[in-house]
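In: quick one, what's the 3D model for this:
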Amino acid sequence: MRWALVKVCLAVTAMVVVAFAVPLGLVVQEMASDRAFSNAERQAATIGPTLSITTDPGQLRKAVESTQMGAARRMAVHVPAIGGGAPAEIGTTRAGAHAVEETRRMGRAMTAPLSGGGSALLQPTALGSGDIAVVEIFVPESEVSNGVATAWVVLAGVGLALIVGSVAVADRLGARLVRPAERLADAAHQLGEGRLGARVPEDGPKELRSAAVAFNSMADQVVELLANERELAADLSHRLRTPLTVLRLNAASLGDGPAAEQTRAAVEQLEREVDTIIRTAREQRAPASAAGGGAGAGCDASEVIRDRMAFWSALAEDEGREVRLAGVDRTVRLPVARPELAAALDALLGNVFRHTPEGTPFAVDVHDAGDAVIVLVSDAGPGIADPDAALRRGNDGGRDGSTGLGLDIVRRVAESTGGDVRIGRSMLGGTEVRVWIALDDRARGGSGGVRTRRVSRRKRRG
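Out: Just a heads-up that it's a prediction; the model follows:
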């Protein structure tokens with residue numbers, strides 16, 4: 001907008017300067033020409049009294065040479081034939097005989113351009129005999145344009161000064177308008193990046209002040225809403241403590257055995273997760289998953305998958321499910337915190353047990369693609385009719401026991417590294433969930449920003 005104002009002001013000022021300077025320059029040129037020919041007419045009038053007294057060539061020559069123009073060889077007198085005598089031309093003549101006769105015939109002064117440059121002023125003068133003599137004054141081109149070049153230079157300088165001054169003023173005005181808008185845009189970017197303390201000074205033009213007030217009010221409301229959401233999350237999580245206490249007491253009475261130990265371990269893990277949620281909400285900071293696990297966070301995907309499969313294999317054995325596990329025989333480091341990867345795997349495997357009939361086989365495969373690790377969870381169930389809808393947060397598809405948040409947890413874990421999640425048809429005939437976890441995004445020093453993640457997803461989809 002700043003440069004637009006400068007361009008508009010430049011165009012308007014240039015048009016005004018041209019509209020006034022060009023006509024003024026032409027007027028100055030016309031005035032210089034009038035001044036030169038008026039001076040020539042006065043010089044021609046100085047010989048008039050002598051012509052009214054005598055037409056003797058000798059006396060006329062002395063009179064012509066005594067004048068300023070005659071001494072400069074710029075005056076001539078054309079005397080017609082009088083009383084049968086011969087016509088006489090006194091002084092340095094430049095005009096042609098035709099122009100002289102035309103002036104004598106018309107009886108008024110006229111200007112004749114000369115081939116060598118300049119002009120000749122022909123002034124008719126009545127003689128005592130009634131005849132007409134013509135006085136010729138040579139007007140060089142330098143006198144006609146005397147001062148015109150200087151006037152044009154002055155006008156050009158004044159016009160340039162006006163243009164420069166108007167551009168400077170427009171630039172200052174544009175900066176005064178643009179600076180508050182830039183601060184508003186910068187504060188909006190900061191707020192979008194999570195810096196909730198970003199505010200805008202409420203100054204500048206009235207409209208921008210109103211926008212700054214509205215932005216600051218919106219930012220305050222966002223902070224208040226987030227605080228309320230954190231308190232609500234903490235309160236809701238705290239309500240889970242009572243049923244968890246009951247579960248822990250019941251698990252303690254199960255006695256010994258693998259199933260009892262797994263149940264007690266699951267209750268303890270659930271208590272730890274609830275405590276983490278409450279602390280995170282109370283401290284008013286994003287959980288580790290939202291920040292990508294923090295600097296240096298990471299885990300061995302193979303070890304985490306083996307651990308979670310050991311947990312789910314007991315339930316798979318009870319339901320008669322055939323399980324296949326591949327690609328976990330070597331270490332595969334991921335830029336994801338262990339609790340986040342475990343939560344994502346539990347969400348995927350929980351969906352298999354929850355939404356496929358008992359006895360349905362499933363498989364977990366890990367592939368190292370160099371710049372990414374691909375985790376495939378596939379089953380032989382009925383499949384998902386609308387994969388895009390299943391990936392939308394909160395969409396449970398109308399199924400009992402589903403909140404629509406499991407796949408969203410998986411998606412957020414993948415996108416925190418610059419990866420994505422895709423749902424398709426598996427080789428087993430059911431659903432295949434492919435989790436693409438990028439490895440090179442953090443190595444470049446980035447945090448997997450929103451724009452980088454969206455670009456990477458578009459490239460892979462293409």
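In: now do the strands in the chain.
Out: 75-79, 88-91, 110-113, 119-126, 132-139, 299-300, 323-326, 333-334, 362-368, 372-379, 420-425, 431-438 (DSSP state E).
In: dump those into a markdown table; add mean neighbour count and distance to F37 as well.
Out: Just so you know, the C-beta spots here come from the backbone N, C-alpha and C atoms, and that holds for glycine as well. Listed next are these as a markdown table, based on neighbours: other CB atoms under 10 Å; distance: least, CB to CB, whole Å:
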| stretch | mean neighbour count | distance to F37 |
| --- | --- | --- |
| strand 75-79 | 24 | 14 |
| strand 88-91 | 20 | 19 |
| strand 110-113 | 15 | 7 |
| strand 119-126 | 21 | 6 |
| strand 132-139 | 24 | 6 |
| strand 299-300 | 18 | 101 |
| strand 323-326 | 13 | 108 |
| strand 333-334 | 19 | 97 |
| strand 362-368 | 19 | 99 |
| strand 372-379 | 22 | 91 |
| strand 420-425 | 18 | 88 |
| strand 431-438 | 23 | 88 |
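In: which one, of the ones you listed, ends up nearest to S217?
Out: strand 420-425 (36.0 Å; CB to CB).
In: strands paired with that closest one, and their directions?
Out: Strand pairing for strand 420-425, using DSSP bridges, gives strand 431-438 (antiparallel).
In: still on that earlier bit, will you turn the strands of the chain into a markdown table that also has distance to P180?
Out: As requested, these are exported to a markdown table (distance: least, CB to CB, whole Å):
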| stretch | distance to P180 |
| --- | --- |
| strand 75-79 | 74 |
| strand 88-91 | 78 |
| strand 110-113 | 64 |
| strand 119-126 | 64 |
| strand 132-139 | 64 |
| strand 299-300 | 47 |
| strand 323-326 | 59 |
| strand 333-334 | 45 |
| strand 362-368 | 51 |
| strand 372-379 | 44 |
| strand 420-425 | 39 |
| strand 431-438 | 39 |
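In: ok, T111 touching G118?
Out: No - applying CB atoms under 8 Å, one finds T111 not in contact with G118, separated by 10.5 Å.
In: now do the shared contacts for these two.
Out: Contact criterion CB atoms under 8 Å, 6 or more residues apart in numbering; residues bridging T111 and G118 by contacting each: V139.
In: I374 and G327, how far apart?
Out: 9 Å (CB to CB, to the nearest Å).
In: need the residues touching each of those two.
Out: Joint contacts of I374 and G327 (CB under 8 Å, 6+ apart) are 366-367.
In: turn the strands of the chain into TSV, including distance to L348 and mean pLDDT.
Out: TSV is the format used below for the strands of the chain (distance: least, CB to CB, whole Å; pLDDT from 0 to 100):
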stretch	distance to L348	mean pLDDT
strand 75-79	114	89
strand 88-91	117	86
strand 110-113	100	88
strand 119-126	102	89
strand 132-139	103	90
strand 299-300	16	88
strand 323-326	13	92
strand 333-334	15	88
strand 362-368	8	92
strand 372-379	4	92
strand 420-425	10	90
strand 431-438	6	91
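In: out of those, which is closest to D386?
Out: With CB to CB as the measure, strand 420-425 is the member of these nearest D386 (9.3 Å).
In: report the angle between the closest one and strand 372-379.
Out: Put simply, strand 420-425 runs at 30 degrees to strand 372-379, going by axes from the mean of the first three to the mean of the last three CA atoms, to 10 degrees.
In: so for stretch 20-36, mean pLDDT?
Out: Averaged over stretch 20-36, pLDDT sits at 88.
In: which of the residues in that stretch are buried?
Out: Neighbour counts using 16 or more other CB atoms under 10 Å place 21, 25, 28-29, 32-33, 36 of stretch 20-36 among the buried residues.
In: and of the residues you listed, the nearest to V167?
Out: Using CB to CB, the buried residues of stretch 20-36 come closest to V167 at A21, 17.0 Å.
In: who's in contact with that closest one?
Out: 155-156, 158-159.
In: in helices, which of the buried residues of stretch 20-36 fall?
Out: Among those, the members falling in helices are 21, 25, 28-29, 32-33, 36 (criterion: DSSP state H).
In: pick the one among the residues you listed closest to R183.
Out: The nearest member of those to R183, counting by CB to CB, is A21 at 40.5 Å.
In: ignoring the adjacent residues along the chain, who's closest to A4?
Out: The shortest distance from A4 to any non-neighbouring residue, by CB to CB, 6 or more residues apart in numbering, is to G174 (7.9 Å).
In: and stretch 102-113, how far from the chain's centre?
Out: Centroid separation for stretch 102-113 versus its chain: 69 Å, with CA atoms, centre = their mean, to the nearest Å.
In: quick one, what contacts the residue nearest to A4?
Out: With CB under 8 Å, 6+ apart, G174 has these contacts: 1-6.
In: what's the local residue count around A390?
Out: 21 (other CB atoms under 10 Å).
In: quick check: it vs G424, distance?
Out: Distance, A390 to G424, by CB to CB: 11 Å.
In: show me what contacts L155?
Out: Contact partners of L155, counting by CB under 8 Å, 6+ apart, are 21, 24-25.
In: repeat that with 10 Å
Out: By CB atoms under 10 Å, 6 or more residues apart in numbering, L155 lies in contact with 17, 20-22, 24-25, 28.
In: okay, the residue lying closest to G117 once chain neighbours are set aside: pLDDT?
Out: In space, and not counting its chain neighbours, G117 is closest to E141: 5.4 Å by CB to CB, 6+ apart. On the pLDDT scale, E141 is placed at 87.
In: ok, E141 - how many residues close by?
Out: Using other CB under 10 Å, E141 has 13 neighbouring residues.
In: correct me, but it touches A32?
Out: No - at 11.0 Å, E141 does not count as touching A32 under the criterion of CB atoms under 10 Å.
In: from T125, how far out is T103?
Out: Distance, T103 to T125, by CB to CB: 10 Å.
In: shared neighbours of these two, anything?
Out: Residues touching both T103 and T125 by CB under 10 Å, 6+ apart: 78, 132, 134-135.
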